[in-house]
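**Student:** test case, fold it:
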Amino acid sequence: MIALGFFDGVHIGHAALMRRTSELAESAGAVSMALTFDRHPDELTRGEPVLLLDTKEERSEIIKKKFGIDEVEFLKFDAELM
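**Tutor:** Okay, the predicted model is just below:
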């Protein structure tokens, strides 16, 4: 089961999505994953730098510990992926 998003400041919608992903994966005997990006999409779409308050490693640990996600994968967000 995969939750897709940037998850830079985990708001109530992100939290619900990741909790549900974890629940569904557990009930199916599957692995839960948060699929996210190495940089904020606004950096490419708006051409503006985005200040992030945590590192990829910190974001990964928060997602795993707080929401029960098994794995966190970071994709390189570039023009091709967009």
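**Student:** tally of neighbours for the closest residue to residue 72 other than its chain neighbours?
**Tutor:** Nearest residue to residue 72 in three dimensions, chain neighbours excluded: residue 60, at 4.2 Å (CB to CB, 6 or more residues apart in numbering). For glycine as for every other residue, the C-beta is placed from the backbone atoms N, C-alpha and C. Using other CB atoms under 10 Å, residue 60 is surrounded by 19 other residues.
**Student:** where along the chain do the strands fall?
**Tutor:** In the chain, the strands defined using DSSP state E lie at 2-4, 33-37, 71-75.
**Student:** how about those strands, which one is nearest residue 64?
**Tutor:** strand 71-75 (6.4 Å; CB to CB).
**Student:** helices and strands around that closest one, which ones?
**Tutor:** strand 33-37, helix 56-67 (3 or more CB pairs under 8 Å, 6 or more residues apart in numbering; DSSP states H and E).
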